[in-house]
Every structure is written in C-alpha cells, then in structure tokens.
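Chemist: Provide a 3D model corresponding to the input given below.
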Amino acid sequence: MSKEDDTKNFEVQKPPLASGAEGHRLDMHYRASKLIFQKTEELRKFPTHEEDIVWAYLSKNKLGIKFRRQHPIWNYVADFYCHSLKLVVEIDGGVHNRQDVKFNDQIRQGHIESLGISIIRFTND
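Modeler: Numbers count the residues shown, from 1 in each chain. So this is what the prediction gives:
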C-alpha cells in the first residue's frame, strides 16, 4: 500500500452529533471511551491546588446546580462540568500559555462547543 492509499483511509475524528446518530439525545459523556474514563479517575486522585479551591465552591450543589469534576466529554476531560447548563469550567495553568497548547486548546474548545456546550476559562492566578 502506498502512502497515498494511507491518507485516503485516514479520517479525522469528529465529535458525535449533538442529537446523536440515531436522533436521540447523547448522554452527558458524549460517547467517551473507557480510556477517557480511566484518565478521569487518575486526575480526580491528584487535583491541582487551584482545582481544589474551585471545587470547594462548586461541590455539593452550593450554587444550586450540580457540577462534576474531571468529567469525560467525548475525547476530552473537563475540569468541571454542569450538565444542566451545558457548561465547562476550565482552570488553566501556565502550560496553557505555550503556543502549541493554545492551538490544541482551540481545537478542543471547538469540538466541545460543537456539542452545544459552553466553556469558560480561568487561569490558576
């Protein structure tokens, strides 16, 4: 098989349609894989100091709405997610100032927003 044949068979993965392929609503995980669920478990065990601070405000319905931390959404893990508001809250450390990370964040944000979810970002500061 030539290199040209390889590129013809390569398909860029896109997020699932917001209404689901069969026309029904997707669950709040948007078809996240087992691998993403495993990653969320790891991240919950070792939150950053800043995530702990924010979680102290968002946990236990203190704002009258339920947030989940390190929540799987398709191929990504959201720092905090409120399904009823379709809202992701991200806490960005210094690494998010790097150009390559900014580029990946834009792609990630576009994919998540295509699912009808809004994202707000805060820095660790």
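Chemist: from here on, contacts and neighbour counts on C-alpha atoms
Modeler: OK.
Chemist: any weak-confidence spans in the chain?
Modeler: Across the chain, the ranges flagged by pLDDT under 70 are 1-14, 17-26.
Chemist: One more pass at 90, please.
Modeler: Under the criterion of pLDDT under 90, the regions of the chain flagged as low confidence span 1-27, 31, 93-97, 101, 125.
Chemist: Output the longest helix belonging to it.
Modeler: Scanning the chain for the longest helix, with DSSP state H as the assignment, gives helix 99-113.
Chemist: next structured bit after that one?
Modeler: Secondary structure here is assigned by DSSP states H and E; on that basis, the next helix or strand after helix 99-113 toward the C-terminus is strand 118-123.
Chemist: what are the ranges of the strands in this protein?
Modeler: Across the chain, reading from the start of the chain, the strands by DSSP state E fall at 68-73, 76-82, 87-92, 118-123.
Chemist: Turn these into JSON lines, columns for mean neighbour count and distance to residue 37.
Modeler: Written out in JSON lines, the entries for these read as follows (neighbours: other CA atoms under 10 Å; distance: least, CA to CA, whole Å):
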{"stretch": "strand 68-73", "mean neighbour count": "23", "distance to residue 37": "6"}
{"stretch": "strand 76-82", "mean neighbour count": "22", "distance to residue 37": "9"}
{"stretch": "strand 87-92", "mean neighbour count": "19", "distance to residue 37": "17"}
{"stretch": "strand 118-123", "mean neighbour count": "13", "distance to residue 37": "20"}
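Chemist: CA atoms only for the longest helix of the chain, dumped as PDB, please.
Modeler: Listed in PDB are the C-alpha atoms of helix 99-113, where the atom choice follows Å, rounded to 0.1, in the frame of the first residue of the first chain:
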ATOM      1  CA  GLN A  99       1.700  28.300  21.600                       C
ATOM      2  CA  ASP A 100       1.300  24.600  20.900                       C
ATOM      3  CA  VAL A 101      -1.000  24.100  23.900                       C
ATOM      4  CA  LYS A 102      -3.100  27.200  22.900                       C
ATOM      5  CA  PHE A 103      -3.600  25.700  19.400                       C
ATOM      6  CA  ASN A 104      -4.700  22.300  20.900                       C
ATOM      7  CA  ASP A 105      -7.000  24.200  23.400                       C
ATOM      8  CA  GLN A 106      -8.700  25.900  20.400                       C
ATOM      9  CA  ILE A 107      -9.300  22.600  18.600                       C
ATOM     10  CA  ARG A 108     -10.600  21.100  21.900                       C
ATOM     11  CA  GLN A 109     -12.800  24.000  22.600                       C
ATOM     12  CA  GLY A 110     -14.300  23.900  19.000                       C
ATOM     13  CA  HIS A 111     -15.100  20.200  19.400                       C
ATOM     14  CA  ILE A 112     -16.700  20.700  22.800                       C
ATOM     15  CA  GLU A 113     -18.700  23.700  21.600                       C
END
